[in-house]
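*Asks:* Give me a model of this one.
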Amino acid sequence: MDPVKFDHVVTSDGNLLAVATLDAERSLNALTLEMVELLLPKLAEWAADARVVAVLLRGRGERALCAGGDVRRLTEAARTGQGDAGHAAEFFAREYRLDYAIHRFPKPLLVWGSGVVMGGGMGLFAGAGFRIVTDTTRMAMPEITIGLYPDVGGSYFLSRLPGRLGLFLGL
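*Replies:* Residues are numbered from 1 along each chain as shown. Have a look, this model is predicted:
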């Protein structure tokens, strides 16, 4: 079972609204390397397809868009001194490429940010041209509690939020 589902809606004029759904509801749609590797080529495909006029990115279920990167493996490896540093480097490099691809996407890209939007989820969310929040949206950059800086473009998008909201989310 793929952790990202792809679909489309045919518009009234015959064009397509492409839909990507993060499908790991039990983990609050935590972003994995497999998800990133599915999303990156699909975004490139949709960008090149003239029939696709817009893209919607959402999370399965109502509890979360994305609770961030699946850092359990990374944290455990750091704690025990064991683990695969190559996996961590590859995950972060590809995750950042995905965030950049979303930020530079040439067509309207809407992210539905219902429920938890944290860490890597903020990277997906903040880069989109259109961002929807709901009354259940809960945003945070919790990386600092495990010793990471606010990544996924955090220094870019947090510094551009109104007032001191960026500082609040970063802390």
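*Asks:* Tell me the helices and strands packed up against the top helix by length along the chain.
*Replies:* Among the segments of the chain that qualify as a helix by DSSP state H, the longest is helix 85-103. Identification of packing neighbours for helix 85-103 by 3 or more C-beta pairs under 8 Å, 6 or more residues apart in numbering; DSSP states H and E yields helix 33-48, helix 72-80, helix 120-126. All C-beta spots, glycine's among them, are computed from the backbone N, C-alpha and C.
*Asks:* Give me the next element, helix or strand, following that helix.
*Replies:* strand 109-113 (DSSP states H and E).
*Asks:* For that next one, which helices and strands make contact with it?
*Replies:* By 3+ C-beta pairs under 8 Å, 6+ apart, strand 109-113 packs against strand 52-59, strand 64-66, helix 120-126, strand 130-133.
*Asks:* angle of that strand against helix 33-48?
*Replies:* 140 degrees (axes from the mean of the first three to the mean of the last three C-alpha atoms, to 10 degrees).
*Asks:* List the neighbouring strands of strand 109-113 plus their orientation.
*Replies:* strand 52-59 (parallel), strand 130-133 (parallel) (DSSP bridges).
*Asks:* For the last one, the averaged confidence score.
*Replies:* Taken as a whole, strand 130-133 carries a mean pLDDT of 95.
*Asks:* quick one: contacts of that strand?
*Replies:* Here strand 130-133 makes contact (C-beta atoms under 8 Å, 6 or more residues apart in numbering) with 108-114, 125, 139.
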